[in-house]
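> What follows is a protein structure lacking sequence information:
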């Protein structure tokens, strides 16, 4: 009937085990049994997921087990109690056959030390290849063969000096370590493979009962295969057997069982643990790397750094729910429902980082959504609107589309059952095609049984929701569970796409003003679940500061901006505290004439449609005030269509082509008004920009009722940008600001690149890469884009060379010259991918340039990171903040930090170029991996900050340098183009979780020549 998640591992070298039932009088066993149950109850209840009074009345209590079927144990007879075994020689090859596991000890003995294999010396650590850099005449490392590893650009100076100094606090906590402290790395193999929760209990039991063998150490454990100890164990290799009492799942019991019932159903599960010394790590290399006087070319000793990171994560791992590098616990503020079967839970992020001040622990407040731990039926009620009345309508039958939605909502979620006593968890692989009423299965004797009858006969339970499908909990064979007998396991991150309402609620929970966020972080560092709450730091001679890092930043001055010649104000310097400006008495820098345009609406009430003429008139007037000409009459009368047209791709395409034809195939703009957000938006954009060849601007009827000046201005700016205009330009051109490197007659191109990946639960859809490039000089405020689909979840841009080549060709057509410098901003790259991206993508850019004989521009390659956890707070003692009433507010736009918390050797800086209206500002991290132009810190920081004022959609500096921002928008637009095929892929009936090789990426539709070089994506 049921197939547990653990039993499907299918690993070649996994030992089969059977449950040992027996009576034991060991006092120690009962003591540990209590500890084990205590840990399970702590995991079940501390995170706040379970509310025992919330279960609906139609959920049965635990029912008695059917008569046990005798099973012949696959294991050999247990050892006699005082049995001694010969040691294996270290030359003997261990067997890897399932049928011949080593003989275990008696299950009544909770821990026994098996054969000890002594090895003469630990395996040597593979030495990191250190390649001596090849330096050119300019002192930089020269490009060599593709196989040659690249070394990132070193910091060109001691940091920038421009701008007034500001005192800041950063959420980095200094970690002092003893460089003479050796760390011993041991590999741990546990068989059968346990869950992470059980693995930690095994580790705890192992350490408690084998203190002498482990030399009294309390090793740190990463929950997988790595032990790190501050002292060396007595031997280099051990083998242990541990039998853990597996208690029944009392968290779902509405009553307490008698003690004798608990003992009678107590299970012992046997685990084999092999521990082997892997390496002896030394802290002296890390100390040399962090030293200012150290060799610039010493690679970061990742092994020692990782070991220290595991040590500092040990205590939170035992007390919280780990998700990636973050930890979540109800002790940090409880849980809060956000709707749709999800709850928000507070937590914290932590990461150990090498910085200029030494090792620092980056700790930040975090918030994420989890599946609510309730029954599957009430979960579906909350998740899917069409099932809200399910308890009142138990005979409900699901139609095809509803089945697909239910399958999507439950797939890959882990559940446990409440009709029998077990702690097994099951992964949902899909739904049965038949309803529960019509399901039959073969028992162990091959006899066909009706599922409904089976639960009545064996558990005395009548299935109530007989017209619903069952959960399929096996990849390959029929294993069914009725939905009404299943509960959602606690601690599962919500991987589905959050709705707009859920997103708003989770953002509100995580939106903390700077002072609040700072206090939360301090509470984590001093609290009972944080990285300093355990004893591991003391064991490894680590001293973690409880105070944030105090440092000096600088505030860059905003640039002078040039506006259109037709306005009263033609230039300005943003002087407000938030660096915003308005266009009340100004024109945009370049306003376009839009004479041939049309309007189409989808849905809407008669009253809403009656507002359209007023909307056209006021939008035209607002455009005129901004120096943009929008004809007051459309090329054809406004078209009113029902919302259903958006559901029919062929019909939608014919409607748009009809409008385009009526405009003599020369339509400049199509404005689309929708009743509500609709999935047909993706089809509309794809058809308009690829098949028809017109840019479009969408808005909602709800906004037409207000018609605020701000709404009309924002709409006007977007429309102007899409048809080829621009909002603002720098008054002092870039060459005049950086005369040492940039010249008016030697153009430079700014490029941005990003890759967007499909949803986490999507195993098929391609990723989409986008590259944009500036098309004018020296203004550098208009960008063309290129997009490509590529292999599923491939981060390296596969067709980068071709896209760069196309953009260089377009730049030559617009400017008349090829750029002398390429300044390339790469978004969306994690630190672990820096050098792989640098090696492959820099080579691709080089190859694109080499297609032109003798063309070799100077390349600067910078990675742009927004998804990091460094936060900067104003220092409460800084007089300038108090005087300017910035206390308890965000740091001002232009705040830059390039010392103390930045990389000890490489060229990087944090720049907060925007004003944080809500929550706490997140500075953008710029990490320059390659720089042939040899920018100074001041030059590059000023360049990036000034570009942030040229974003076309708003009148304020943005948080991300525009080339990277535009690349992100273009990649998202490419994702919309394949959204239809993505949804088709997700509807495939795939009952496997094995993740075969993804299919070949579906090419994106080709952009129309009319829109290819316009900023249609903004």
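Nice, I can see it. Bear in mind that the values here come from a model prediction, so they are computed numbers and not experimental data.

> so where's this structure uncertain?
Where the chain drops to pLDDT under 70, the residues are 1-149, 246-267, 294, 878-888, 980-998.

> wait, residue 225 sits on residue 188?
Yes - between residue 225 and residue 188 there is a contact under C-beta atoms under 8 Å: 5.3 Å. (Glycine included, C-beta is placed from N, CA and C.)

> and those two? which has more neighbours close in?
Ranked by neighbour count (other C-beta atoms under 10 Å), residue 225 and residue 188 place residue 188 first, with 22 against 13.

> Next, the contact list for the more buried one, please.
203, 221, 225-227, 273-275 (C-beta atoms under 8 Å, 6 or more residues apart in numbering).

> Just the buried subset of the residues you listed, written out for ChimeraX, thanks.
Selection of buried members from the contacts of residue 188 for ChimeraX, criterion 16 or more other C-beta atoms under 10 Å:
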select :203,221,226,227,273,274,275
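
> could the contacts of residue 188 go into a markdown table alongside distance to residue 891?
Shown next, in a markdown table, are the contacts of residue 188 (distance: C-beta to C-beta, whole Å):
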| residue | distance to residue 891 |
| --- | --- |
| 203 | 43 |
| 221 | 39 |
| 225 | 42 |
| 226 | 39 |
| 227 | 42 |
| 273 | 50 |
| 274 | 52 |
| 275 | 49 |
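
> so of the contacts of residue 188, which ones are in helices?
Counting by DSSP state H, these place residue 203 in helices.

> which one of the contacts of residue 188 is nearest residue 309?
residue 226 (11.0 Å; C-beta to C-beta).

> hang on, that closest one packs against residue 183?
No - contact criterion C-beta under 8 Å: residue 226 and residue 183 do not qualify, at 10.9 Å.

> Identify the contacts common to the two.
When C-beta under 8 Å, 6+ apart defines a contact, no residue borders residue 226 and residue 183 alike.

> gap between the host helix or strand of residue 367 and the chain center?
Following DSSP states H and E, one finds residue 367 within strand 358-371. Remark: strand 358-371 is offset 13 Å from the chain centroid, using C-alpha atoms, centre = their mean, to the nearest Å.

> Leaving out chain neighbours, which residue sits closest to residue 694?
Distances taken as C-beta to C-beta, 6 or more residues apart in numbering place residue 667 nearest to residue 694, at 4.7 Å, with adjacent residues excluded.

> Can you report how many residues neighbour the residue lying closest to residue 701 once chain neighbours are set aside?
Leaving out its chain neighbours, the residue that sits closest to residue 701 by C-beta to C-beta, 6+ apart is residue 608, at 4.3 Å. Using other C-beta under 10 Å, residue 608 has 17 other residues around it.

> State the distance from residue 608 to residue 676.
Noted for residue 608: a distance of 11 Å to residue 676, by C-beta to C-beta, to the nearest Å.

> next one: residue 377
For residue 377, the distance to residue 676 - C-beta to C-beta - is 29 Å.

> Who has more neighbours out of those two?
For residue 377 versus residue 676, neighbours defined as other C-beta under 10 Å are more numerous around residue 377 (23 against 11).

> what helices or strands is the helix or strand harbouring that one leaning on?
For residue 377, the enclosing helix or strand under DSSP H and E is helix 376-383. Other helices and strands packing on helix 376-383, by 3 or more C-beta pairs under 8 Å, 6 or more residues apart in numbering; DSSP states H and E, are helix 400-410, strand 486-488.

> can I get these in JSON lines with distance to residue 360?
Shown next, in JSON lines, are the helices and strands packed on helix 376-383 (distance: least, C-beta to C-beta, whole Å):
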{"stretch": "helix 400-410", "distance to residue 360": "41"}
{"stretch": "strand 486-488", "distance to residue 360": "38"}
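
> Could you look over the ones you listed and pick the most buried one?
Stretch with highest mean neighbour count among the helices and strands packed on helix 376-383: strand 486-488 (a mean of 23; mean count of other C-beta atoms under 10 Å).

> all helices for the stretch 451-600 of the chain, in order.
Taking DSSP state H, counting those that start in this stretch as the criterion, the stretch 451-600 of the chain contains helices spanning 451-459, 500-510, 514-526, 536-539.

> Of those helices, which is nearest residue 310?
That would be helix 536-539 among the helices of the stretch 451-600 of the chain, by C-beta to C-beta, at 9.0 Å.

> what comes up buried for the closest one?
In helix 536-539, counting by 16+ other C-beta under 10 Å, buried: 536-537, 539.

> so can I have CSV of those showing distance to residue 818?
Shown next, in CSV, are the buried residues of helix 536-539 (distance: C-beta to C-beta, whole Å):
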residue, distance to residue 818
536, 57
537, 56
539, 60
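
> Report the contact partners of residue 292.
Taking C-beta under 8 Å, 6+ apart, we find residue 292 in contact with 356, 904.

> which residues in the stretch 101-250 of the chain form helices?
Under the criterion DSSP H, counting those that start in this stretch, helices of the stretch 101-250 of the chain are mapped to 196-209.

> before we move on, back to that, can you put the helices of the stretch 451-600 of the chain in CSV and add distance to residue 762?
Output for the helices of the stretch 451-600 of the chain, formatted as CSV (distance: least, C-beta to C-beta, whole Å):
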stretch, distance to residue 762
helix 451-459, 31
helix 500-510, 19
helix 514-526, 33
helix 536-539, 38
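
> mind checking the SS state of the residue nearest to residue 701?
helix (DSSP: H, G, I helix; E, B strand; the rest coil).

> Surely it touches residue 705?
Yes - the pair residue 608 / residue 705 is scored as a contact, 7.3 Å apart, by C-beta under 8 Å.

> Strands of the stretch 601-750 of the chain, start to end?
Secondary structure of the stretch 601-750 of the chain (DSSP state E, counting those that start in this stretch): strands at 629-630, 639-641, 669-674, 695-700, 729-730, 748-756.

> cool, the stretch 901-1018 of the chain as well?
Under the criterion DSSP E, counting those that start in this stretch, strands of the stretch 901-1018 of the chain are mapped to 907-912, 924-931.

> Could you identify which of these is most buried?
strand 907-912 (a mean of 24).

> Remind me what it packs against, helices and strands.
So strand 907-912, by 3+ C-beta pairs under 8 Å, 6+ apart, packs with strand 895-897, strand 924-931, helix 937-947.

> ok, residue 761 - how many residues close by?
12.

> Can you tell me the closest non-neighbouring residue to it?
residue 495 (5.5 Å).

> Please tell me I have it right and the one you found contacts residue 762.
No - assessed by C-beta under 8 Å, residue 495 is found out of contact with residue 762, at 10.2 Å.

> ok, these two, which is more surrounded?
Taking other C-beta under 10 Å, residue 495 and residue 762 do not tie; residue 762 has more neighbours (16 against 13).
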